[in-house]
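> would you be able to build a 3D model of this:
(2 chains)
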Amino acid sequence: MITQQDFEQIQDAIAGKLSADEQQAYNKRLSTDSNFAEDAFLQDKLKNILSDKPFDEFRGTLMRIETEYHYLGLWRTTETSETFSIEDILAMFEPVAHYEQALSHADLRAAGTALLQPQNGSNFLPNDTLTFAWAAALTEPLVLSIENNQEDVVLQDTIETGTVSHNITLPNLPAGRYYFKLTGNNSGMYIGMFFVNKNLLDEL
Amino acid sequence: MVTLQQTQAFMNSKHTLNSNEQEKNTRIIDGFKNNNTRIIGECYAEMYPLIVRYITNNSGDETTAKEIIWECFEVFFKNCTKPDFVLNAKFSSYIHSIANNIWLKRLRDNKKYTYTDITITESSRHDFDDDTDNPYASDIDDYTDQITETIYENDLSHVIRQLLLELTEECKTIFRLKHEEEQSHEEIASLLQISIDMSKSRLYRCSIKMAQAIKNSPYYRELIDGFPFLTNYTNKKRKS
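This next block holds a predicted model:
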């Protein structure tokens, strides 16, 4: 076992604090004293491992990627579609504050009748059929507008007076949080929310 | 004496990457150096199925393949962050070479096979060289020593990292303050409300304890017996 003095000399050598003469003597001892050389090697290695922050960060990234690849199915189709990190997914499902506020206004009703379907927070897959159903026939035409959480309109449609149920086929939408607006001249605007591929968010 | 034919054969075996391959390598190396999640993720997705096929074709299973790709990426990271690193082979060929070396080493370490029993099937190697226009794209023999050294270094790091987890809180704290945060003994003494001598003595005791634990590890002994760590270390120190 090395003495504390030897240990401190090794620490100084690793830190480059030895004078030229001391360094020469140190190197000579490394070559002639294999036990001392092994201790110096191990202390150097230990310091390198403990101070290697970039490598620790890289391991953290690799661990996240491994989880995303094996458990979330991400990164798999890099050539044909976009890939998403956890940050990407959180951004895609981020709520729009003022729309979320409107969701809680239960007294809003489009065209004089209550909307039964879709329920807020329903989950769909791209290309699914989305059914709008009301408790009674609409008393005026409504404009349906679907927006992503960047408030970009991704689909628009018109629903005629007298409709009780109306189907639309969702386009090939990316996963995320979406809002639909039903607007009529007399009945104002109803806002609802649904998800596409919510499983991505749930598995985070 | 080297004949003209031998020289010609040697020259022919050297592959020059085309500009797309060079660009791809630069992007990947920069991505690893800068810890770019997207680039590393894309590389993982590209390499994982190939590594799985390679390992399962050579008597391994998918769980092992998962460990091996992790180690391959660690080795690649360590090499590509070295200042003099140049990659003149395709990334996939380089990763294949690392995987091949790691797998051979594992087989030897497990002692399930003797060295001469080990035969790696080369059929799955072609998976890594998808560009038929570049028949020499997998010529990475120049990197063998570098890869072997880093694999052993990385294995030793794993042994040390594992043993670090078993240290007392007192030792973990002094290591963190001294090595990670690079604080002086004066600063450590003030922070921990101990004397400077006590700080020095604690670092000494913990370091010795750690060194002893490493030396007592059977895998460390195997590594030291299998690779000239100490000779390389003393030679390097002498040169510097």
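> identify the residues contacting the closest residue to chain B within chain A.
Going by C-beta to the nearest C-beta, chain B is nearest to residue A:50 of chain A, at 3.6 Å. All C-beta spots, glycine's among them, are computed from the backbone N, C-alpha and C. Residues in contact with residue A:50, defined by C-beta atoms under 8 Å, 6 or more residues apart in numbering or on different chains, are B:164, B:175-176, B:179-180.
> low-confidence stretches in the chain?
Let's take chain A. Confidence mapping of chain A against pLDDT under 70 gives the ranges A:76-83, A:104-112, A:203-204.
> not quite, I wanted chain B
B:1-15, B:111-140.
> stretch B:51-71 near chain A at all?
Yes. Remark: stretch B:51-71 sits within contact range of chain A at B:66, B:70, by C-beta under 8 Å from any C-beta of the partner chain.
> ok, stretch B:182-202 next?
Yes. Interface with chain A: stretch B:182-202 contributes B:182, B:200-201 (C-beta under 8 Å from any C-beta).
> likewise stretch B:87-94?
No. Stretch B:87-94 does not reach chain A (C-beta under 8 Å from any C-beta); its nearest approach is 13.9 Å.
> is residue A:118 in contact with residue A:129, as I believe?
No. Counting by C-beta atoms under 8 Å, residue A:118 does not reach residue A:129; the two are 10.6 Å apart.
> if we can go back for a sec, gap between the residue of chain A closest to chain B and residue B:171?
11 Å (C-beta to C-beta, to the nearest Å).
> let me see the domain layout of chain A.
What automatic domain parsing lists as the domains of chain A is A:4-51, A:54-83, A:93-202.
> distance to residue B:107 added to those domains, as a markdown table?
Below are these laid out as a markdown table (distance: least, C-beta to C-beta, whole Å):
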| stretch | distance to residue B:107 |
| --- | --- |
| domain A:4-51 | 26 |
| domain A:54-83 | 24 |
| domain A:93-202 | 39 |
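> tell me how many other residues surround residue A:167.
9 (other C-beta atoms under 10 Å in any protein chain shown).
> would you mind putting the CA coordinates of the helix or strand where it lies into PDB?
Assigned by DSSP states H and E, residue A:167 falls within strand A:165-169. This file holds the C-alpha atoms of strand A:165-169, laid out as PDB (Å, rounded to 0.1, in the frame of the first residue of the first chain):
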ATOM      1  CA  SER A 165     -74.600  12.700 -36.400                       C
ATOM      2  CA  HIS A 166     -71.700  13.600 -38.700                       C
ATOM      3  CA  ASN A 167     -68.600  11.500 -39.600                       C
ATOM      4  CA  ILE A 168     -65.300  12.800 -40.700                       C
ATOM      5  CA  THR A 169     -62.100  10.800 -41.600                       C
END
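> strands paired with the helix or strand following that strand, and their directions?
Reading on from strand A:165-169 to the C-terminus, the next helix or strand found by DSSP H and E is strand A:176-184. With DSSP bridges as the test, strand A:176-184 is paired with strand A:142-148 (antiparallel), strand A:188-196 (antiparallel).
> between strand A:176-184 and strand A:165-169, how big is the angle?
Computed with axes from the mean of the first three to the mean of the last three C-alpha atoms, to 10 degrees, the direction of strand A:176-184 lies at 140 degrees from that of strand A:165-169.
> centre of the chain to strand A:176-184, how far?
Distance, stretch centre to chain centre, for strand A:176-184: 23 Å (C-alpha atoms, centre = their mean, to the nearest Å).
> in PDB, list the C-alpha atoms belonging to that strand.
What follows is strand A:176-184, C-alpha atoms only, in PDB (Å, rounded to 0.1, in the frame of the first residue of the first chain):
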ATOM      1  CA  GLY A 176     -50.400  15.300 -30.600                       C
ATOM      2  CA  ARG A 177     -53.200  17.300 -28.900                       C
ATOM      3  CA  TYR A 178     -55.900  18.700 -31.200                       C
ATOM      4  CA  TYR A 179     -58.800  21.000 -30.700                       C
ATOM      5  CA  PHE A 180     -62.000  21.200 -32.700                       C
ATOM      6  CA  LYS A 181     -64.200  24.300 -33.000                       C
ATOM      7  CA  LEU A 182     -67.800  24.200 -33.900                       C
ATOM      8  CA  THR A 183     -69.000  27.700 -34.900                       C
ATOM      9  CA  GLY A 184     -72.500  28.800 -35.800                       C
END
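> just the helices from chain B, written as ranges.
Ranges of helices in chain B, per DSSP state H, are B:4-13, B:19-33, B:37-56, B:62-80, B:91-110, B:125-128, B:144-165, B:169-175, B:185-192, B:196-216, B:218-226, B:229-239.
> likewise chain A?
A:4-14, A:20-32, A:34-51, A:53-71, A:86-92, A:97-103, A:199-202.
> most tightly surrounded among the ones you listed?
Mean neighbour count (mean count of other C-beta atoms under 10 Å in any protein chain shown) peaks for helix A:34-51 among the helices of chain A, with a mean of 19.
> could you dump that one to CSV, C-alpha only?
Below are the C-alpha coordinates for helix A:34-51, written out as CSV (Å, rounded to 0.1, in the frame of the first residue of the first chain):
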residue,chain,number,x,y,z
SER,A,34,5.6,-1.8,-10.6
ASN,A,35,3.5,-1.6,-7.5
PHE,A,36,3.8,2.2,-7.5
ALA,A,37,3.1,2.3,-11.2
GLU,A,38,-0.1,0.3,-10.7
ASP,A,39,-1.3,2.7,-8.0
ALA,A,40,-0.4,5.7,-10.1
PHE,A,41,-2.3,4.1,-13.1
LEU,A,42,-5.4,3.4,-10.9
GLN,A,43,-5.4,6.9,-9.4
ASP,A,44,-5.1,8.4,-12.8
LYS,A,45,-7.9,6.2,-14.1
LEU,A,46,-10.1,7.0,-11.1
LYS,A,47,-9.7,10.7,-11.6
ASN,A,48,-10.4,10.4,-15.3
ILE,A,49,-13.6,8.5,-14.7
LEU,A,50,-14.9,10.8,-12.0
SER,A,51,-14.2,14.0,-13.9
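> thank you, goodbye.
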